[in-house]
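S.K.: Just need the structure, nothing else, for what follows:
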Amino acid sequence: MSQQLNLVTLGVDDVKVSRQFYSQGLGWSPLLDLDEIVFYQVGSGLALGLFPLADLGTDTGHPATSGTPFTLAQNLSSPAAVDAAVQRAREAGATILKEPQRAAFGGYHGYFADPDGHRWEVCHNPGWSVADDGTVTLTAVEVSDDAS
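M.R.: Below is the predicted model of the structure:
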């Protein structure tokens, strides 16, 4: 199996509510918007799908539960961009889990949850970069004593 990821599908309680949160609230543009599922282009060769939780369970053959034991994240260009993204999520109705603040790894981040409890980290990590071909480079960030 090749080392790649092309689609993340989130099981949601109500596609209409989630569509409104991501499209109108966060300002995302759908790639494909159908009554039963909506897709957003979220990176080079990567899409995010919102699909009814019960249907996701049926499709996989195993019950699906809401909420997530993982986070989705986006790395932004600056702490100010993190503040703006968290504020936009707040205005869209997100639950703010952690207000934006300096992070132990030397960057700046905050967390919010969408209407179904899916957790998003909005981050500025100066050690994260993406080349034109999509290759991610991660380097350690020197943390000063006042960063924690």
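S.K.: Looking at the chain, which helix is longest?
M.R.: helix 79-91 (DSSP state H).
S.K.: Show me what it is packed against.
M.R.: Under the contact definition 3 or more CB pairs under 8 Å, 6 or more residues apart in numbering; DSSP states H and E, helix 79-91 sits against strand 95-102, strand 108-113, strand 119-124. For the C-beta atoms, the positions are set from N, CA and C on the backbone; glycine is no exception.
S.K.: okay, these in CSV with distance to Leu138, mean pLDDT and mean neighbour count next?
M.R.: Supplementary listing: these in CSV, determined by distance: least, CB to CB, whole Å; pLDDT from 0 to 100; neighbours: other CB atoms under 10 Å:
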stretch, distance to Leu138, mean pLDDT, mean neighbour count
strand 95-102, 19, 96, 14
strand 108-113, 15, 95, 21
strand 119-124, 12, 94, 21
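S.K.: Phe51 contacts Thr9, correct?
M.R.: Yes - using CB atoms under 8 Å, Phe51 makes contact with Thr9 at a distance of 5.3 Å.
S.K.: Which of these two has more residues huddled nearby?
M.R.: Phe51 (19 against 16; other CB atoms under 10 Å).
S.K.: Need the per-residue pLDDT for Ala64.
M.R.: What the model reports for Ala64 is a pLDDT of 86.
S.K.: my read is Glu142 is in a strand, agree?
M.R.: No - if the criterion is DSSP: H, G, I helix; E, B strand; the rest coil, then Glu142 is coil and not within a strand.
S.K.: Give me the residue ranges of the protein where confidence is low.
M.R.: 145-148 (pLDDT under 70).
S.K.: Which residue, neighbours along the chain excluded, lies closest to the residue positioned nearest the centre of it?
M.R.: Per CA atoms, centre = their mean, the C-alpha nearest to the average position across the chain is that of Leu72, at 3.8 Å. What sits nearest to Leu72 in space, not counting adjacent residues and going by CB to CB, 6 or more residues apart in numbering, is Trp120, at 5.2 Å.
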